[in-house]
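Trainee: after the sequence you'll find the predicted model.
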Amino acid sequence: MALRVTVVGAGGIGGYFGGRLAAAGHEVGFLARGAHLEALRGQGLTVHGPAGDVVLPPVPASDDPGDLGVADLVLLAVKTWQLDALVDRLDPLVGSGTAILTTQNGIDTPERVAERFGREAVLPGTAKVFANVEAPGHVRHVGGPGLLTYGEWDNRRSPRVERIRRALDRAGVPVDVPPDIWVELWSKFLFVVPFGTLGAATDATIGELRSRPDTRELLTTLMREIHAVARARGVALPDDIVGTTLDFVDQQPEQGRSSLQRDILAGRPSELEAWTGAVVRSGAATGVPTPAHDMFYEQLSARRLLGPGRG
Ligand SMILES: NC(=O)C1=CN([C@@H]2O[C@H](COP(=O)(O)OP(=O)(O)OC[C@H]3O[C@@H](n4cnc5c(N)ncnc54)[C@H](OP(=O)(O)O)[C@@H]3O)[C@@H](O)[C@H]2O)C=CC1
Ligand SMILES: CC(C)(CO)C(=O)C(=O)O
C-alpha cells in the first residue's frame, strides 16, 4: 500500500530518501524553498548515484506546509539549526496517526519535536548515507549504504514501524529497526562528533586524523567523554564502543570530511551546537567532565564569531 509521505527539507537527506520513495510509487510531497523548490516543481528531482540515477518528473512541492496536507510519515530532514524556525509551522502535516521520523545527527532533535507533537508522534532515527544538493533539483548520493534506522520512543515494535519498513523496502531503502534506538543515536553521535569536532578544529581529513598518533589519541579522548555522558544518561552503549568506533573510523574513505567541518571552515551556519555543544551541555547536566569537548567548543565558537580563516 502506498504511503503518504511529506519530506520536510528536500536537501541531501530529504531529496535522497524522498526521491527513492516517490520513484517506488509512494505519494511524496516536499517542503522546499528558493531555486530548489522552483526546480522540483518545474523540472522535477534527479537523485544521482553510484548505482544509477533516479529521475522524477515535477513533484508536489511547496514552501508552505499548509499546501502539503496530513501525512502518514513526515521525514524531517532540515539541519538542526533550521528546526526552531520551522517546528511550529508543521501542524498542517501532523494528524493523530502521523509518524515524524527524525534524521538529524545529534541527540536533541527527537525531544525538540516531541515538545511540540508529543513523544508518541516521534520516531527517532539516523541516516547512513552521504548525500548533498548538487544543483537545484539535483541531489547526489556520494556513498554509504543509504540505510535508515528508526524506532519508537520506547522501542516497541508497533504496526507503523513495520508499515514504514515495508514502504521503504519497496523503495529499495535498507532499514534497521534496532532493539534500542537511543543506543543507535548515541553510537552515531560517538562517531560523528569526535570526527566532526577534531576535523573542524584542524581541517584534517579522517585519514589524517586516524593515522597521526596525537590526533588518534584526541579522537579516543573525545569518544571516551561521550561514552561517559551516555552512561550517566542511562544509555546502554556497549563497553567496547570506543574500540569498535575507532575500527569504523579506520574503514572510512581516506579523504572523508564531515558536514560540520565543511560548514565551519566555509563560514556557513553549522550544527556545532547540536554536536560538540550538546556534549558540553549534557556533560554539565549530568556532572560528567568533558574537558576536551569544552575546549574545542570554545575554540570553534570563537572561530565562528571571527569568521572563516580567522580561527
Ligand atoms: N547529508 C548527509 O550525508 C547526512 C546528513 N545527516 C543529517 O541530516 C540532517 C539534514 O542534513 P542535509 O540533508 O545534509 O542538509 P541540507 O542542507 O542538504 O538539507 C536541508 C534542506 O532543508 C531546507 N530547508 C531548511 N529550512 C527550510 C524551510 N523553512 N522551508 C523549506 N526548506 C527548508 C534547506 O533549504 P536551504 O538550502 O534553502 O536552507 C535544505 O534544502 C542534518 O542534521 C545532518 O546532520 C545525517 C547523515 C548524513
Ligand atoms: C560524517 C557523516 C557523513 C556521517 O554520516 C555525517 O553525518 C555528516 O557529515 O553530517
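Mentor: Noted; the coordinates are in hand. Ligands and ions are numbered 1, 2, ... in the order given.
Trainee: hey, let's count contacts and neighbours off CA atoms from now on
Mentor: OK.
Trainee: the helices in the chain, which residues?
Mentor: Counting by DSSP state H, residue ranges of the helices within the chain are 12-23, 34-42, 84-87, 109-117, 159-170, 181-202, 206-211, 213-232, 241-251, 259-265, 276-286, 291-306.
Trainee: can you list the neighbours in contact with the shortest one?
Mentor: Helix 84-87 is contacted by residues 113, 116 when judged by CA atoms under 8 Å, 6 or more residues apart in numbering.
Trainee: and the helices of the chain: which comes nearest ligand 1?
Mentor: Between ligand 1 and the helices of the chain, the tightest spacing by CA to the nearest ligand atom is seen for helix 12-23, at 3.6 Å.
Trainee: just the CA coordinates for that closest one, please, in CSV.
Mentor: Taking C-alpha atoms only, helix 12-23 is exported to CSV below (Å, rounded to 0.1, in the frame of the first residue of the first chain):
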residue,chain,number,x,y,z
GLY,A,12,20.8,15.8,0.7
ILE,A,13,18.9,13.5,3.1
GLY,A,14,15.3,14.6,2.2
GLY,A,15,16.0,14.5,-1.5
TYR,A,16,17.7,11.2,-1.5
PHE,A,17,15.1,9.2,0.6
GLY,A,18,12.1,11.2,-0.7
GLY,A,19,13.2,10.7,-4.3
ARG,A,20,13.5,6.9,-3.8
LEU,A,21,10.1,6.7,-2.1
ALA,A,22,8.5,8.7,-4.9
ALA,A,23,10.1,6.6,-7.6
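Trainee: packing partners of it?
Mentor: Judged by 3 or more CA pairs under 8 Å, 6 or more residues apart in numbering; DSSP states H and E, the packing partners of helix 12-23 are strand 4-8, strand 27-31, strand 45-48, strand 54-56, strand 122-135, strand 138-150.
Trainee: let's see that with 6 Å instead.
Mentor: Applying 3 or more CA pairs under 6 Å, 6 or more residues apart in numbering; DSSP states H and E, we find helix 12-23 packed against strand 122-135.
Trainee: and the strand it packs on, what's buried?
Mentor: 122-133 (16 or more other CA atoms under 10 Å).
Trainee: OK, contacts around Val5?
Mentor: Neighbour list for Val5: 28, 71-74 [criterion: CA atoms under 6 Å, 6 or more residues apart in numbering].
Trainee: the same query, at a cut-off of 7 Å, please.
Mentor: Counting by CA atoms under 7 Å, 6 or more residues apart in numbering, Val5 touches 27-29, 71-74.
Trainee: isn't Thr46 right next to Gly52, touching?
Mentor: No: using CA atoms under 7 Å, Thr46 is not in contact with Gly52, being 10.4 Å away.
Trainee: domains for the chain, by residue range?
Mentor: As recorded under automatic domain parsing, the domains making up the chain are 4-179, 183-306.
Trainee: could you export the ones you listed as TSV, including mean pLDDT and distance to ligand 2?
Mentor: Converted to TSV, the domains of the chain look like this (pLDDT from 0 to 100; distance: least, CA to the nearest ligand atom, whole Å):
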stretch	mean pLDDT	distance to ligand 2
domain 4-179	97	5
domain 183-306	96	3
